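1. need a structure here:
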Amino acid sequence: MRVAFLGLGQMGRAMAANLLKNGHEVAVWNRSAAACAPLEALGAKAAPTPAAAARGAQAALTMLADDAALRAVALGEDGLIEGLEPGATHVSMSTVSVALSHELAAAHAARGQDFASAPVFGRPEAAAAQQLVVAAAGAPATLEKVRPALEAVSRRVFVVGEAPEQANLVKLSGNFLITCVIESLAEVFALAEKGGVEPRKVFELLTETLFAAPVYKTYGEIILSEKFSPAGFRLPLGLKDNRLVLQAAEALETPLPLAALVRDRFLAALANGDGELDWAAIARRARSDAGLG
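-> You can find the predicted model right below:
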């Protein structure tokens with residue numbers, strides 16, 4: 001496929017590289033043009049604007065930090081919507097709001113373009129290894145057209161609905177669950193330590209029996225080893241996702257009491273200077289509350 005990839009952060013760089021490795025023709029754009037160079041060495045073509053990157057592409061994939069960045073790149077001056085041809089598809093792979101996904105779907109439809117949401121689960125190391133999991137939503141024909149690109153950056157694609165914003169709701173829900181895992185592990189480790197039990201022994205017992213899921217193993221190890229830097233997913237982005245899931249829940253009149261608790265953990269972490277760390281650093285708050293430093 002002819003693919004445009006816009007947004008070359010830790011995740012985007014790895015995803016664009018996997019598109020190239022899987023034989024796709026890739027044009028890349030990033031706000032900081034220097035990020036394009038390693039991908040140019042792999043065969044990508046760097047574009048000066050989002051519109052230029054999207055021109056001639058069958059699919060334009062975006063991987064951007066937040067709503068403001070995605071709106072600017074998609075709909076702003078020289079945005080990808082200006083270059084994308086009728087019948088081509090914008091696939092938003094970012095973790096953004098349900099409302100923005102709905103807005104983008106309408107904007108692209110007005111120009112005869114297709115739109116799908118396909119946010120991903122996985123950290124940068126999973127992206128590099130083509131082990132991401134995609135939650136995709138959009139018209140069946142649209143998803144079928146872009147499936148080769150989605151499969152090139154992931155190990156599995158789950159179709160969760162036909163309205164693009166449904167994928168964003170699923171992604172926000174998944175990230176909410178991850179923060180609950182981080183918080184619960186942090187509380188258990190603090191409790192064990194206060195009781196004179198080595199937290200790593202608790203971790204090994206739980207993750208080798210009842211809680212043998214990757215999310216418990218990954219974040220349990222990060223918490224115990226305090227591998228909060230360099231951040232795989234920066235703490236302020238976690239707060240952003242928490243805010244978005246609470247907004248979605250309010251719109252759907254669905255209480256999320258645990259999300260409110262986690263929000264306060266994020267705010268406390270920022271107040272204590274942890275803003276440059278991985279979002280798992282909210283685990284420090286449980287330990288501090290227990291008088292463990």
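
2. residue boundaries of the strands in the stretch 151-293 of the chain?
-> Using DSSP state E, counting those that start in this stretch, the strands found in the stretch 151-293 of the chain span residues 154-161.

3. same check, this time on the stretch 1-150 of the chain
-> With DSSP E, counting those that start in this stretch as the criterion, the stretch 1-150 of the chain has strands at 2-6, 25-29, 45-46, 59-62, 89-92, 114-117, 120-121, 132-137.

4. Show me what the second one is packed up against.
-> Meaning strand 25-29. Judged by 3 or more CB pairs under 8 Å, 6 or more residues apart in numbering; DSSP states H and E, the packing partners of strand 25-29 are strand 2-6, helix 10-21, helix 37-40, strand 45-46, helix 50-54. For glycine as for every other residue, the C-beta is placed from the backbone atoms N, C-alpha and C.

5. The shortest one packs against which elements?
-> With contacts defined as 3+ CB pairs under 8 Å, 6+ apart, the packing partners of strand 45-46 are strand 25-29, helix 37-40.

6. Ends of stretch 277-290, what's the gap?
-> Start-to-end span of stretch 277-290 (CA to CA, to the nearest Å) is 21 Å.

7. Go through it and flag the buried ones.
-> Residues 277-287 are the ones in stretch 277-290 that count as buried (16 or more other CB atoms under 10 Å).

8. Please apply the same query to stretch 235-251.
-> Buried residues in stretch 235-251, counted by 16+ other CB under 10 Å: 235-242, 244-246, 248-249.

9. need the residues you listed in TSV with pLDDT, can you?
-> Formatted as TSV, these follow (pLDDT from 0 to 100):
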residue	pLDDT
235	98
236	97
237	95
238	97
239	98
240	97
241	97
242	98
244	97
245	98
246	98
248	97
249	97
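
10. Output those in CSV; the columns should cover distance to residue 263.
-> As requested, those are exported to CSV (distance: CB to CB, whole Å):
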residue, distance to residue 263
235, 12
236, 13
237, 14
238, 10
239, 7
240, 11
241, 10
242, 5
244, 11
245, 10
246, 7
248, 14
249, 12
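
11. Just name the closest of those to residue 261, please.
-> Using CB to CB, residue 242 is the member of those that sits closest to residue 261, with 10.1 Å.

12. dump the residue contacts of the closest residue to that closest one other than its chain neighbours.
-> Excluding the flanking residues, the one nearest residue 242 by CB to CB, 6 or more residues apart in numbering is residue 263, at 5.0 Å. Residue 263 makes contact with 239, 242-243, 246, according to CB atoms under 8 Å, 6 or more residues apart in numbering.

13. And residue 129, its phi and psi?
-> Main-chain dihedrals, residue 129, degrees, to the nearest 10: phi -90, psi 10.

14. And the pLDDT at it?
-> The score at residue 129 is 97. That number is its pLDDT.

15. Neighbours of it, how many?
-> Neighbourhood size, residue 129 [other CB atoms under 10 Å]: 12.

16. Residue 203 now?
-> So residue 203, with other CB under 10 Å, has 21 neighbours.

17. Could I get the contacting residues of the closest residue to it other than its chain neighbours?
-> Closest residue to residue 203 apart from its sequence neighbours, by CB to CB, 6+ apart: residue 220 at 4.7 Å. With contact taken as CB under 8 Å, 6+ apart, residue 220 is in contact with 185, 203, 206-207.

18. Look up how far residue 140 lies from the residue lying closest to residue 123 once chain neighbours are set aside.
-> Leaving aside its sequence neighbours, residue 123 sits nearest to residue 232 (CB to CB, 6+ apart; 4.4 Å). Using CB to CB, to the nearest Å, one gets 33 Å for the distance from residue 232 to residue 140.

19. So which of those two has more stuff around it?
-> Between residue 232 and residue 140, counting by other CB under 10 Å, residue 232 is the more crowded of the two (20 against 9).

20. who's in contact with the more buried one?
-> 10, 123-125, 278.

21. right, and the pair among those with maximum separation?
-> 125 and 278 (12.5 Å).

22. what's around residue 75, how many residues?
-> Using other CB under 10 Å, residue 75 has 17 other residues around it.

23. likewise residue 198?
-> Neighbourhood size, residue 198 [other CB under 10 Å]: 12.

24. Against residue 189, how distant is the residue nearest to residue 123?
-> Residue 232 sits 19 Å away from residue 189, going by CB to CB.

25. For residue 50, give me its contacts.
-> 6, 29, 73-74, 76, 78-80, 82-83.

26. repeat that for 10 Å
-> Counting by CB atoms under 10 Å, 6 or more residues apart in numbering, residue 50 touches 4, 6-7, 29-31, 60, 62, 72-84.
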